[in-house]
Each structure stands twice: as structure tokens, then as C-alpha cells.
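S.K.: need coordinates for the following:
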Amino acid sequence: NNDYPVAARTLSDNTAIFISSRKLGSVFNLPQAEMDISDTEFFIDVEEGTIATEELIISNTGDENSTLQFNLGSSPFENAGAADTYGNSWTDSDLGNDTQYEWIEIGTENQIQFAHNDYGIITDIGFDFTFYGNNFNQVTINPNGWIGFGDDDSDWSNDDLSSSDGPYNAIFAFWDDLNPLNDEPSCSNEAQGNVYYQSDDDKMVIWYNDVVRCGTDPNYEGIFDFQIILSKDQRIDINYRNMEGYTNSSTIGIQNEDGSDFLQISSNDSYVHDELALTFRPLPEWYGFELISGSDQLNYGESAIYEISADANFLFDDEDSVYISLTSNASDPILIPVNVTLLQSANDPGDINGDDIVNVLDIVMLVNYILGTMEFDDEQISAADLNNDGIINVLDIVTL
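M.R.: Coordinates of the predicted model:
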């Protein structure tokens with residue numbers, strides 16, 4: 001049966017024994033484990049400054065004397081590629097809807113004037129960006145299609161990641177021998193294209209605008225338009241808008257400060273294409289997942305309990321999601337979405353100004369609102385309607 005992995009062994013009398021890893025139990029009538037899970041999706045509401053928790057319960061409800069073996073993992077993406085040891089995962093717009101191609105337009109005020117086509121410049125990010133667990137407020141922008149958080153590197157010939165050569169602590173959007181406009185060009189062709197950057201409080205965009213590939217061989221010419229986006233929540237997005245010509249000579253990925261941990265998406269192959277989005281992201285800091293009872297091997301009737309936690313202090317957006325992947329010897333792989341929503345904390349009844357004290361200042365605000373000299377937001381209206389009749393008037397003043 002081609003649906004199941006099979007191991008074959010030929011004996012001395014040329015008799016072949018075939019063993020299916022999935023069907024072994026049913027062939028020999030061994031006890032079959034069956035997995036029951038308490039939830040197939042979680043929706044967690046968490047108020048500002050608090051931690052909310054839910055429980056995932058996994059049980060073996062199969063045959064007596066059966067053993068359920070399972071493994072749990074977590075990913076920031078529903079359709080994820082590989083993950084590294086630190087916990088970074090990647091996805092792209094070809095894999096699914098976890099990331100979508102959305103080009104970010106930026107200005108050209110911050111143009112980089114490179115001193116040489118192989119030497120980068122250092123500039124401020126504008127916020128603290130965490131990369132492989134370390135915080136950085138400056139970034140090196142190299143003309144050869146990569147940015148980093150350590151020393152600059154003039155190695156123009158791209159290598160596989162973890163190599164002893166080449167940049168460390170870096171993001172390789174399209175590491176190749178590129179030739180943007182610079183003061184000391186060393187390529188045989190004319191330098192072309194500029195690199196720009198723009199930052200705000202939680203996002204930085206670095207744009208390689210129509211940068212040419214170094215060299216005059218017509219078989220290896222290229223002109224590339226792509227951008228790298230660093231976000232405060234540790235997300236890294238790379239948008240490839242227009243990749244013309246020879247794209248098979250580049251390295252794409254990320255790696256840590258000594259090359260011991262990395263994610264290589266492509267090395268000298270035809271990965272990139274026009275309007276492709278590539279995203280890297282570690283598990284978000286708000287997410288917690290812990291075994292509090294049982295184990296990953298359950299006999300018949302036993303259960304394991306995991307606690308899922310959402311810490312509002314580390315939420316960068318009002319909504320976010322992660323995905324728990326569950327593999328076992330009892331079923332096909334299962335994906336369990338964990339969705340979190342940040343609830344804005346409401347003011348207590350009567351505390352109209354939100355200072356945690358109900359006093360004459362709240363009465364003054366309420367009077368001004370009724371007189372029409374002050375406007376309230378939704379939280380203030382909720383706190384001011386003390387008799388809960390849906391109307392804010394003198395009766396609420398008397399109650400307050």
C-alpha cells in the first residue's frame with residue numbers, strides 16, 4: 001500500500017517480509033492507541049498588564065494496554081518552513097497566507113553613499129531590535145544584499161551559511177556580488193542603483209532599488225529591486241519586487257553571531273521571483289507552553305495537561321496567533337491554532353478619568369460632559385453611566 005511507509009527484508013530463501021509502520025498494529029491485532037484532545041483551537045482574551053491561561057488536555061482513549069506516543073511543537077506560522085535551534089521559523093507567500101507580498105513605499109531622503117561596492121555603512125535602527133536573543137540599536141547595511149548586527153564584511157562571493165567565511169549575525173536578503181552606486185567601484189561594469197532606508201518607532205525598511213550585479217558577462221547580468229523590513233516584534237520581512245536576469249547566484253537566510261545556528265532558504269538556486277514575500281519570525285514572547293501533568297507517552301486512560309499562557313505585556317499588536325503542531329502514533333499530524341486578543345481594560349464605575357480613584361475630579365468631568373463642554377471615549381462613557389440605564393444625566397451625578 002503506497003499510503004504507508006514500508007520496510008522490506010529478504011530472507012535467505014528469497015521470501016520477502018514487508019512491515020508497514022502504520023499498519024503493524026492492525027495486522028497483528030496489537031492494542032491500538034487513540035488520541036483525544038480537549039480543543040482543536042484556542043481563543044484567548046487577555047487584559048492589559050495580565051496573563052491569561054488555557055489548558056490543552058491530551059488523552060489516550062484507545063484499546064486497553066495501548067500506548068500513545070506524541071510530540072508537540074510550536075510555530076508562529078500555519079504553513080512554516082524549517083526552524084532553527086533558537087526558534088526562528090520561515091515562511092513565504094508561495095507556501096500559504098502567513099505572509100503576503102505588500103511592498104512598503106519609502107522616501108529617498110536617506111540614501112546611502114557607499115565608499116566601495118563591497119563595504120557597508122552603520123546606521124541607527126530607531127528602536128531596539130532583537131536578533132537571536134540579543135538587542136541591537138544599529139545595523140550594518142552592506143552593498144552586497146545583506147544587513148547585519150556585527151562587523152562589516154567585504155566578502156563579495158556568497159557562501160553557504162555556517163561557512164567559516166562571510167558575515168555573521170546577519171540577514172541575507174540576496175547575498176551576491178552587487179554593484180550599487182559607490183565612490184570606488186571595482187566591478188567591470190558601471191555601478192547602478194541606490195540603497196535607501198527609513199525608520200520609525202517600530203519598523204525599519206532598507207530598500208535596494210534596481211541594483212545591478214557586478215560583471216559584464218551577459219549570461220550573468222542582473223538588476224534587482226527588493227527590500228528588508230525589521231519590525232520591533234522581531235519579525236523580518238523581505239519583499240522581492242522585480243528580480244531581473246541571473247538570480248541563481250545568491251545566498252538567502254539568517255544566521256547567528258558565530259554561524260552555529262542559521263536558516264538557509266536558498267544557496268545558488270532559482271528561489272526568488274517577482275512579487276515574492278519571505279518572512280522570518282521566532283515564537284512571540286507573549287506565548288508560553290508548559291507541561292504541567294503527565295508525559296508524552298500515555299497508557300490507556302491516561303492524560304497529559306499542558307498550560308498555554310498569553311502575557312499581555314509582550315503583545316505588540318491587539319491580535320496575534322501561534323500554532324501548536326501535534327504528531328503521534330495514533331493519527332495524522334494535527335495543527336492547533338492559538339489566537340490571542342488584547343482587551344483594553346475598562347475604567348471602574350465612577351472612575352471617569354482612569355486614575356483608580358473616585359473623587360471630585362470625576363464629578364467635575366461628568367458635569368462638563370452633561371453640559372456639553374467635554375467629550376468622553378467609550379471607556380469613560382461606561383464608567384459614567386453609574387445606574388446602567390444607557391443615559392448619562394443628572395441621576396448619574398447624584399449616584400456618583
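S.K.: report the beta-bridge partners for the residue nearest the centre of the chain.
M.R.: With distances taken as CA atoms, centre = their mean, residue 281 lies nearest the centre of the chain, 2.8 Å away. Beta-bridge pairing for residue 281 (DSSP bridges): residue 89.
S.K.: hmm, it is touching residue 254, no?
M.R.: No: assessed by CB atoms under 8 Å, residue 281 is found out of contact with residue 254, at 10.7 Å. C-beta here means a position set from N, CA and C on the backbone, and glycine is covered the same way.
S.K.: name the element residue 397 belongs to?
M.R.: helix 394-399 (DSSP states H and E).
S.K.: buried stuff in that helix?
M.R.: Within helix 394-399, the residues that count as buried by 16 or more other CB atoms under 10 Å are residue 396.
S.K.: avg pLDDT for it?
M.R.: For helix 394-399, the mean pLDDT works out to 92.
S.K.: likewise for stretch 93-106?
M.R.: 97.
S.K.: hey, what's the nearest residue to residue 290 once chain neighbours are set aside bridged with?
M.R.: Nearest non-adjacent residue to residue 290, counting by CB to CB, 6 or more residues apart in numbering: residue 307, 5.1 Å away. Residue 307 has these beta-bridge partners by DSSP bridges: residue 55, residue 290.
S.K.: residue 307: how many residues sit nearby?
M.R.: Residue 307: 14 surrounding residues under other CB atoms under 10 Å.
S.K.: so it sits right up against residue 51, yeah?
M.R.: No: the criterion here is CB under 8 Å, and residue 307 misses it with residue 51 at 10.6 Å.
S.K.: which residue ranges of the stretch 301-400 of the chain form strands?
M.R.: In the stretch 301-400 of the chain, the segments counted as strands under DSSP state E, counting those that start in this stretch are 303-311, 319-328, 334-343.
S.K.: Throw these into TSV and include distance to residue 363 and mean pLDDT, thanks.
M.R.: Shown next, in TSV, are those (distance: least, CB to CB, whole Å; pLDDT from 0 to 100):
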stretch	distance to residue 363	mean pLDDT
strand 303-311	37	98
strand 319-328	37	97
strand 334-343	28	96
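S.K.: can you redo those as CSV with distance to residue 247?
M.R.: Output for those, formatted as CSV (distance: least, CB to CB, whole Å):
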stretch, distance to residue 247
strand 303-311, 41
strand 319-328, 31
strand 334-343, 32
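S.K.: so what's the gap between the helix or strand hosting residue 53 and the chain middle?
M.R.: Using DSSP H and E, residue 53 sits within strand 51-60. Distance of strand 51-60 from the chain centroid (CA atoms, centre = their mean, to the nearest Å) equals 23 Å.
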